[in-house]
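Asks: task: produce atomic coordinates for the following.
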Amino acid sequence: MIFQVIGINSIYGIFQEMYTSPRSTVKDAIGQDAFVSLVGSIGTGLTWSGGIVVNPLIARTKDVRWITVSGVVIMSLGLILASFSTRLWHLFLTQALLYGIGSSAYYFPIISLTPPYFDRHRGFAMGVILSGSGIGGLVLAPVLRILLDRYGVGWTLRILGLWNLAVGLPTACVIRKKASLFRTASGSRPVGQAGLNMNLVKRGAFLWQSLGAFLQASGNVVPLYYMTTYSTSILSYSSSAGSLLLAMNNAVNSVSRVLMGVIADRVGRQNTMILSVFLSGLSVFAFWYDASRVRFLLFVVSYGIYAGGYNALVPTTIAEIYGVENYSSVNGVIYFIRGLGAIFGAPIAGVILGSHQRSGSLSSQNAISLRYMMATLGSLKTKYNEVVIYDGVLLLSAAFCVLYVRWLDARDKGGWSWRA
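Replies: Numbers count the residues shown, from 1 in each chain. Next up is the predicted model:
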């Protein structure tokens, strides 16, 4: 399930590169990074933010398979219908809205139902489960590139949608919930039905964690969407090589999520999450800014290592800070806020880049002098550097929010503990 949903989300950068290139079948998308990234951002954002609707449904529904099966069908339908798109607004209706709504219904039951089953090794358990996203990106990125080169974007989306349906339906049918986890101590009613405890909302920890979730989600999606376009536009890699770099990032990220979970169980989940976000922001500034090919490879690997920690540990820290009894309601709100962050992050980066031609399209125009081409490339690289600064500031700001939540949680619990 995680392999499919987050794996597909994490490789949207390949679609972004295709839609905005001269080879695109969606003609009003060529060179429009902001609008095209908004398509993927809405899909990813709804995957997360839809939890604010899906979580109460999980609490009220005896058989959650109705939710997951519906999610798979809607998600697959969005991908298949997107294959017939010839205008940007077609993509917004299909690959953004339909896909996002379906993926949320398919994704959230497992995210909501899993953490309460674990205590001592909760970080490791969630790391293993969420590592499926990295494995998904690792496998799907090169496969998607081959399909795009051989069959074009239309048939690629149809194959992806049919594959998602064939694999997703059996998976959706085995999801179960443990009823006792969704009941209060008296067994009177489901926890998710009680809604969010307003006393928690008024706590500083909740407010700062919400802000950190928004900032981290905004910053996290930017490299995933623009890693491929940077490699082809600035570093002159082929589209296939750009896809392999994205696959490499996902491979490292997959291993990192498991290792971060193991480390978190030993030194503290909040401690590990703080370090993860802070180092991911530093890697953006250290290796992506004005990157050569060598430094960009270092960025692909280092960002894959550090960015995985926050994504794997958010569910575990929610249960730790607010208690398992409040997990479902708080998790839904935090992921809703993360979804909003994902929607805004990449499109703002696209606005910074502006409308531009890919280097491949420039080389085919004989009337354009080499000097003009180099000037255009230099201008585009400057814009990418501005995107890097924007992304790094988002991630470092998120790190300070997470650090402050750590301090507030220790204060609320009556004292500082080095392992938390």
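Asks: tell me which helix or strand Gly40 sits in.
Replies: helix 33-49 (DSSP states H and E).
Asks: report the next helix or strand after that helix in sequence order.
Replies: Using DSSP H and E, the first helix or strand after helix 33-49 is helix 51-60.
Asks: what is the mean pLDDT for that next one?
Replies: For helix 51-60, mean pLDDT is 82.
Asks: ok, back up a step: from the middle of its chain, how far away would the helix holding Gly40 be?
Replies: Relative to its parent chain, helix 33-49 has a centroid offset of 10 Å by Cα atoms, centre = their mean, to the nearest Å.
Asks: could you report the neighbour count for the closest residue in space to Leu298 that isn't next to it in sequence?
Replies: Computed as Cβ to Cβ, 6 or more residues apart in numbering, the closest residue to Leu298 that is not its neighbour in sequence is Phe287, at 4.6 Å. No exception for glycine: its C-beta is placed from N, CA and C like everyone else's. For Phe287, the count of nearby residues is 21 (other Cβ atoms under 10 Å).
Asks: just to revisit the earlier point, what is the orientation angle of the helix holding Gly40 with helix 51-60?
Replies: Computed by axes from the mean of the first three to the mean of the last three Cα atoms, to 10 degrees, the angle separating helix 33-49 from helix 51-60 equals 20 degrees.
Asks: just the C-alphas of the host helix or strand of Val5, formatted as PDB.
Replies: According to DSSP H and E, Val5 maps onto helix 2-10. Only the C-alpha atoms of helix 2-10 are listed here, as PDB (Å, rounded to 0.1, in the frame of the first residue of the first chain):
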ATOM      1  CA  ILE A   2       2.700   2.500   1.000                       C
ATOM      2  CA  PHE A   3       4.700   1.200  -2.000                       C
ATOM      3  CA  GLN A   4       1.900   2.300  -4.300                       C
ATOM      4  CA  VAL A   5       0.600   5.500  -2.800                       C
ATOM      5  CA  ILE A   6       3.700   7.300  -1.600                       C
ATOM      6  CA  GLY A   7       5.800   5.600  -4.300                       C
ATOM      7  CA  ILE A   8       3.700   7.200  -7.000                       C
ATOM      8  CA  ASN A   9       3.700  10.500  -5.200                       C
ATOM      9  CA  SER A  10       7.400  10.500  -4.900                       C
END
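Asks: how about the helices in the stretch 51-200 of the chain?
Replies: 51-60, 65-82, 88-91, 99-113, 122-172, 198-201 (DSSP state H, counting those that start in this stretch).
Asks: among those, which is nearest Gly31?
Replies: Gly31 lies closest, by Cβ to Cβ, to one member of the helices of the stretch 51-200 of the chain: helix 88-91, at 12.0 Å.
Asks: what's downstream of the helix or strand bottoming out on mean pLDDT in the chain, the next helix or strand?
Replies: Every helix and strand of the chain was ranked by mean pLDDT, DSSP states H and E. The lowest is helix 359-363, at a mean of 47. Scanning forward in sequence from helix 359-363 by DSSP H and E, the next helix or strand is helix 370-412.
Asks: mean pLDDT lowest where, among the helices of the stretch 51-200 of the chain?
Replies: helix 198-201 (a mean of 74).
Asks: Gln32 against Thr20, yeah?
Replies: Yes. Using Cβ atoms under 8 Å, Gln32 makes contact with Thr20 at a distance of 6.3 Å.
Asks: neighbour-wise, which of the two wins?
Replies: Set Gln32 next to Thr20 and count neighbours by other Cβ under 10 Å: Thr20 wins out with 27 against 20.
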